[in-house]
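Enquirer: okay, predicted coordinates and the sequence, questions at the end:
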Amino acid sequence: MKTLYIDCGMGAAGDMLTAALLELLPEKDDFVKRLNDIGIPSVTFSAEKSVKCGITGTRVSVKVNGEEEDETMHGHSHENHHHEHDHEHDHEHHHCHSSLHDIEHIVSELVIPQGVKNDVIEVYKLIAEAESAVHGVPVTDIHFHEVGTMDAVADITAVCMLMSEISPDRVIASPIHVGSGSVRCAHGILPVPAPATACILKDIPIYGGSIEGELCTPTGAALLRHFVSDFGDMPVMKVGRIGYGMGRKDFEKANCVRAMLGEEDGKTDVIYELSCNLDDMTAEEIGFASEVLLENGAKDVFTVPIGMKKSRPGTLLCVICAADDRENIASLIFKHTTTIGLREVKMNRYVLERKSEIFHTSFGDFHRKDSKGYGVSRSKFEYDDISRIAKEKGISFASARKLLEETYK
């Protein structure tokens with residue numbers, strides 16, 4: 001499985017992500033030429049070698065009307081969002097503004113695939129929704145500074161194009177270093193991470209640290225939120241290519257985003273186990289609760305007989321679920337059992353890649369689950385289908401399974 005791992009140990013900004021992903025391509029110059037041909041008004045891309053703390057990488061520059069944005073060309077005012085290159089919020093300047101509708105029109109005119117256009121708009125919507133929540137105004141009232149609009153479109157479009165070009169099966173990122181201290185903008189002095197960034201990164205693992213400054217920008221945060229499926233440690237993978245996307249500023253730590261592209265032999269993810277002890281429910285009640293939980297997103301439900309206080313026999317109810325399902329599963333456990341408290345354990349899980357095939361045969365339709373990874377592969381026919389065939393032909397379950405296995409290897 002082709003896996004992309006993004007190391008956000010120094011945060012993330014649009015230009016840094018662009019540069020890191022660009023380094024994963026065999027022909028960087030050709031891709032930069034393609035970027036310059038997609039039709040972003042007044043924008044020119046260039047890539048150059050950059051060295052940070054002895055590490056050589058790439059820095060991507062976006063020029064608008066021949067001028068690269070610097071500290072004096074950024075603003076952040078009420079109901080307005082700007083784009084920042086390389087971890088920077090800076091001074092307010094008064095320019096024309098573009099709404100989300102205007103951005104959609106700009107993107108619609110670009111010479112890029114429709115799927116990439118959709119990704120660009122979804123990233124912009126994440127930023128607009130965060131600004132809306134922070135400022136307490138409707139998304140339709142959020143505007144983007146014209147100086148900052150084109151380079152923002154450039155950065156976001158470049159990353160979306162690169163993700164389409166690389167086409168990983170899975171994207172993982174480390175917890176995001178957001179920086180610390182404060183940042184000055186039109187509203188005054190704000191804490192790091194900036195409010196919009198913090199809003200975008202809800203439910204994503206982030207941390208501060210000793211480096212003062214804004215390390216993760218709203219644009220970088222939105223790009224990560226849109227493309228990354230899991231945040232955590234780097235999985236076991238064979239790395240084929242490594243890219244370093246450099247920022248402008250210098251810190252005591254190399255100011256870069258690192259992207260690593262490789263192959264995972266199998267898959268890892270994170271699951272949660274919710275459990276409770278029960279000593280005052282019947283077997284029927286526990287069985288019903290288990291069925292409800294499985295019907296509503298639980299990956300597995302199992303029970304274990306236990307001995308409880310006062311020598312009472314009891315039941316340990318364990319429910320396995322995904323992170324996003326925990327709140328719903330917890331509410332269902334409280335609703336359908338007598339427990340007054342739950343325990344939660346976060347677990348890392350190794351799983352095989354799985355897919356299901358449907359076979360249309362003289363026996364009727366039946367399903368087979370195929371799984372592979374970590375050096376093994378196996379197939380298994382669905383119990384219900386084997387059972388049906390055994391009953392229809394008047395043979396044993398084992399004979400029906402053998403018949404399917406010999407016919408459809």
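Expert: The structure has been received and is ready for your questions. Residues are numbered from 1 along each chain as shown.
Enquirer: what about the strands in the stretch 1-150 of the chain?
Expert: Secondary structure of the stretch 1-150 of the chain (DSSP state E, counting those that start in this stretch): strands located at 2-7, 43-52, 55-64, 67-68, 80-81, 97-99, 143-145.
Enquirer: these into TSV, with extra columns for mean neighbour count and distance to residue 370?
Expert: Every C-beta, even on glycine, is put in place using the N, C-alpha and C of the backbone. Supplementary listing: these in TSV, determined by neighbours: other Cβ atoms under 10 Å; distance: least, Cβ to Cβ, whole Å:
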stretch	mean neighbour count	distance to residue 370
strand 2-7	21	19
strand 43-52	16	42
strand 55-64	20	40
strand 67-68	12	51
strand 80-81	24	46
strand 97-99	18	48
strand 143-145	22	47
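Enquirer: please report how far the closest residue to residue 65 other than its chain neighbours lies from residue 14.
Expert: Nearest non-adjacent residue to residue 65, counting by Cβ to Cβ, 6 or more residues apart in numbering: residue 42, 4.8 Å away. Noted for residue 42: a distance of 17 Å to residue 14, by Cβ to Cβ, to the nearest Å.
Enquirer: hang on, isn't the residue nearest to residue 65 packed against residue 64?
Expert: Yes: judged on Cβ atoms under 8 Å, residue 42 makes contact with residue 64 at a distance of 5.3 Å.
Enquirer: give the residues shared as contacts by these two.
Expert: Taking Cβ atoms under 8 Å, 6 or more residues apart in numbering as the contact rule, the neighbours common to residue 42 and residue 64 are residue 150.
Enquirer: circling back: neighbour-wise, which of residue 42 and residue 14 wins?
Expert: Summary of the neighbour comparison: residue 42 and residue 14, criterion other Cβ atoms under 10 Å, with residue 14 having more neighbours (29 against 12).
Enquirer: any idea how far residue 206 is from the residue nearest to the more buried one when sequence neighbours are not counted?
Expert: Counting by Cβ to Cβ, 6+ apart, the nearest residue to residue 14 once its immediate chain neighbours are dropped is residue 155, at 3.0 Å. Shown here: residue 155 relative to residue 206, a distance of 21 Å by Cβ to Cβ.
Enquirer: what about those two, which has more around it?
Expert: The neighbour count for residue 155 versus residue 206, taken as other Cβ under 10 Å, is higher for residue 155 (28 against 20).
Enquirer: ok so, going back, hang on, the residue nearest to residue 14 in a helix?
Expert: Yes: under DSSP: H, G, I helix; E, B strand; the rest coil, residue 155 falls within a helix.
Enquirer: let's see the pLDDT reported for it.
Expert: According to the prediction, residue 155 has pLDDT 92.
Enquirer: same check, this time on residue 291
Expert: We note a pLDDT of 97 for residue 291 in this prediction.
Enquirer: what do you get for residue 69?
Expert: As predicted, residue 69 sits at a pLDDT of 60.
Enquirer: picking up where we left off before, residue contacts, the residue nearest to residue 65?
Expert: Going by Cβ under 8 Å, 6+ apart, residue 42 touches 64, 65, 150.
Enquirer: same question, residue 48
Expert: Applying Cβ under 8 Å, 6+ apart to residue 48 gives the contacts 58, 59, 61.
Enquirer: ok, now residue 263?
Expert: Under the criterion of Cβ under 8 Å, 6+ apart, the contact list for residue 263 reads 1, 2, 3, 237, 238, 240.
Enquirer: quick check, nearest of the residues you listed to residue 116?
Expert: When the contacts of residue 263 are compared for distance to residue 116 (Cβ to Cβ), residue 2 wins out at 18.4 Å.
Enquirer: surely that closest one and residue 168 touch.
Expert: Yes: contact criterion Cβ under 8 Å: residue 2 and residue 168 qualify, at 5.0 Å.
Enquirer: once you drop chain neighbours, what's closest to residue 180?
Expert: Taking Cβ to Cβ, 6+ apart, and ignoring the residues beside it in sequence, residue 180 has residue 208 as its nearest neighbour in space, at 4.3 Å.
Enquirer: the one you found and residue 54, how far apart?
Expert: For residue 208, the distance to residue 54 equals 26 Å [Cβ to Cβ].
Enquirer: settle it for me: which of the two has more neighbours?
Expert: A count of neighbours by other Cβ under 10 Å puts residue 208 above the other of residue 208 and residue 54, at 15 against 6.
Enquirer: quick revisit: sort the contacts of residue 48 by pLDDT and name the bottom one.
Expert: In terms of pLDDT, the lowest of these is residue 61, showing 90.
Enquirer: correct me, but that residue touches residue 43?
Expert: No: checked against Cβ under 8 Å, the pair residue 61 and residue 43 is beyond contact range at 10.8 Å.
Enquirer: before we move on, the earlier item: check the contact lists of residue 2 and residue 168 and give me the overlap.
Expert: Common neighbours of residue 2 and residue 168, counting by Cβ under 8 Å, 6+ apart, are residue 261.
Enquirer: so which residue is dead centre in this structure?
Expert: Taking Cα atoms, centre = their mean, the centroid of the chain lies closest to residue 228, which sits 2.2 Å from it.
Enquirer: so it sits right up against residue 173, yeah?
Expert: Yes: with the criterion set as Cβ under 8 Å, residue 228 and residue 173 qualify as a contacting pair; they are 4.5 Å apart.
Enquirer: mind showing which ranges of the stretch 1-150 of the chain have poor pLDDT?
Expert: Per-residue confidence of the stretch 1-150 of the chain (counting by pLDDT under 70) places the weak regions at 69-99, 138-149.
Enquirer: and residue 174, how far is that from residue 397?
Expert: Distance from residue 174 to residue 397, counting by Cβ to Cβ: 48 Å.
Enquirer: these two: which is more packed in?
Expert: Neighbours per residue (other Cβ under 10 Å) separate residue 174 from residue 397, with residue 174 holding more: 17 against 13.
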